[in-house]
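Asks: pasting the structure only:
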């Protein structure tokens with residue numbers, strides 16, 4: 001997963017961003033927009049190519065996902081994107097703002113999908129966990145286990161790396177490390193979270209995308225941190241000294257949405273049906289190490305590939321609250337970036 005965000009990602013700021021040049025639409029084509037990198041490559045191979053093979057509808061790729069551009073398209077009535085991969089909290093807020101088409105569940109088979117990642121206006125793209133990752137060599141052979149260890153610079157010295165952008169994950173990790181029970185996380189106690197983060201602020205190295213997070217960990221520049229689980233598995237293939245702890249892994253899903261006013265709504269719904277089908281989800285999960293959102297997909301996967309997915313580590317798994325983040329997205333973002341700038 002590769003993703004770039006900015007402080008302007010909040011809905012209040014989206015309307016000021018300019019709309020870039022778009023694609024010309026034709027009845028025999030549609031546009032799929034995602035975050036780029038290896039994840040979008042896998043989406044193209046797992047979804048777009050089979051979709052074209054069965055429907056003869058060409059799928060043009062665009063990206064990375066840009067919330068400002070999406071809103072500007074909808075506001076102008078000139079929508080060039082047909083299906084877009086977005087974060088769950090954004091999808092909830094965008095639906096409330098009237099930016100999305102409702103999903104046609106006569107085309108998309110809702111009964112097979114994980115209900116955690118389905119709304120009237122979105123369906124799960126893939127589901128992932130934030131996990132504790134570490135470089136055993138750089139830590140002298142030590143193996144941290146808990147989020148509290150991430151804040152323990154005495155026993156686990158060195159830089160720590162966190163996701164830079166305001167999004168579900170870091171605030172929750174700080175609160176869990178400070179002893180907050182999982183069922184007491186929400187509403188988020190921002191004062192307590194930032195007080196905890198202050199204790200290691202000078203040791204934090206921020207990552208803005210998955211590839212950067214991998215480089216920081218593999219090189220030992222930041223031998224411990226929070227990571228998308230798929231990025232850790234990719235590293236472990238080349239370096240068995242890269243470790244992972246699934247304790248209190250924090251799970252969420254990217255979701256697929258259809259912008260309000262799409263010119264190819266029928267094709268978009270058919271694409272969603274392909275993307276969320278058992279095979280479409282199984283193929284993507286195999287390629288990315290992110291979990292399928294279709295409940296029938298795991299049975300179609302190689303046993304070894306399925307064994308390392310987030311849905312195998314549910315005993316202490318915590319679902320990030322996308323509805324809470326959607327409601328408080330701008331408020332948290334302002335405080336987050338102000339804190340980073342100090």
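Replies: Thanks, I have it. The model shown is predicted, which means the values in this text are computed figures rather than measured ones.

Asks: beta partners for residue 250?
Replies: Assessed by DSSP bridges, residue 250 has beta-bridge partners residue 130, residue 318.

Asks: got a list of what it touches?
Replies: Contacts for residue 250 (Cβ atoms under 8 Å, 6 or more residues apart in numbering) come out as 129, 130, 168, 169, 172, 173, 317, 318, 320. For glycine as for every other residue, the C-beta is placed from the backbone atoms N, C-alpha and C.

Asks: closest one to residue 157 out of those, please.
Replies: Ranked by distance to residue 157 (Cβ to Cβ), the contacts of residue 250 are led by residue 173 at 19.0 Å.

Asks: what's the local residue count around the closest residue to the closest one other than its chain neighbours?
Replies: Nearest non-adjacent residue to residue 173, counting by Cβ to Cβ, 6 or more residues apart in numbering: residue 147, 5.0 Å away. By the measure other Cβ atoms under 10 Å, the count of residues near residue 147 is 24.

Asks: wait, isn't residue 147 in contact with residue 177?
Replies: Yes - applying Cβ atoms under 8 Å, one finds residue 147 in contact with residue 177, separated by 4.2 Å.

Asks: phi, psi for residue 199 please.
Replies: When read as degrees, to the nearest 10, the backbone of residue 199 gives phi -70, psi -20.

Asks: what of residue 317?
Replies: When read as degrees, to the nearest 10, the backbone of residue 317 gives phi -70, psi 140.

Asks: with residue 153 instead?
Replies: Dihedral angles of residue 153 (phi, psi; degrees, to the nearest 10) stand at phi -80, psi -10.

Asks: does it touch residue 203 like I think?
Replies: Yes - with contact defined as Cβ under 8 Å, residue 153 and residue 203 form a contacting pair (6.1 Å).

Asks: can you list residues touching both of the two?
Replies: Here residue 153 and residue 203 have residue 160 as joint contacts, going by Cβ under 8 Å, 6+ apart.

Asks: OK, contacts around the residue nearest to residue 173?
Replies: Counting by Cβ under 8 Å, 6+ apart, residue 147 has contacts 132, 173, 176, 177, 247, 248.

Asks: as CSV, those with neighbour count and secondary structure would be great.
Replies: Output for the contacts of residue 147, formatted as CSV (neighbours: other Cβ atoms under 10 Å; DSSP: H, G, I helix; E, B strand; the rest coil):
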residue, neighbour count, secondary structure
132, 24, strand
173, 25, helix
176, 22, helix
177, 21, helix
247, 17, strand
248, 21, strand
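
Asks: so where do the strands sit in the chain?
Replies: Secondary structure of the chain, counting by DSSP state E: strands at 29-33, 58-62, 83-87, 118-119, 122-135, 160-163, 204-207, 224-228, 242-257, 318-319.

Asks: grab the nearest non-local neighbour of the most centrally placed residue in the chain.
Replies: With distances taken as Cα atoms, centre = their mean, residue 254 lies nearest the centre of the chain, 4.7 Å away. Closest residue to residue 254 apart from its sequence neighbours, by Cβ to Cβ, 6+ apart: residue 125 at 4.1 Å.

Asks: same thing with residue 336?
Replies: Residue 336 sits nearest to residue 166 (Cβ to Cβ, 6+ apart), 4.0 Å away.

Asks: can you get me a residue count around the one you found?
Replies: Neighbour tally, residue 166, other Cβ under 10 Å: 25.

Asks: that one and residue 338, how far apart?
Replies: Between residue 166 and residue 338 the distance is 10 Å, computed by Cβ to Cβ, to the nearest Å.

Asks: quick one, longest helix in this protein?
Replies: helix 322-341 (DSSP state H).

Asks: contacts only, for residue 54.
Replies: Taking Cβ under 8 Å, 6+ apart as the criterion, residue 54 is in contact with residue 274.

Asks: report the inter-axis angle for the longest helix of the chain versus strand 242-257.
Replies: 120 degrees (axes from the mean of the first three to the mean of the last three Cα atoms, to 10 degrees).

Asks: pull out the buried residues from helix 322-341.
Replies: Under the neighbour-count criterion of 16 or more other Cβ atoms under 10 Å, helix 322-341 has 322, 324, 325, 326, 327, 328, 329, 332, 333, 335, 336 buried.

Asks: output these as TSV; include the columns distance to residue 78 and pLDDT.
Replies: Formatted as TSV, those follow (distance: Cβ to Cβ, whole Å; pLDDT from 0 to 100):
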residue	distance to residue 78	pLDDT
322	29	94
324	33	97
325	29	96
326	26	93
327	29	95
328	31	96
329	25	90
332	31	97
333	27	96
335	35	97
336	32	98
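
Asks: ok, so of these, who is nearest residue 42?
Replies: Distance to residue 42 across those (Cβ to Cβ) is lowest for residue 322, with 23.0 Å.

Asks: the spatially closest residue to that closest one that is not a sequence neighbour: neighbour count?
Replies: Excluding the flanking residues, the one nearest residue 322 by Cβ to Cβ, 6+ apart is residue 88, at 3.9 Å. Residue 88 is flanked by 25 other residues according to other Cβ under 10 Å.

Asks: and residue 88, what is it in contact with?
Replies: By Cβ under 8 Å, 6+ apart, the contact list for residue 88 reads 117, 122, 252, 253, 254, 255, 322.

Asks: let's see that with 6 Å instead.
Replies: 252, 253, 255, 322 (Cβ atoms under 6 Å, 6 or more residues apart in numbering).
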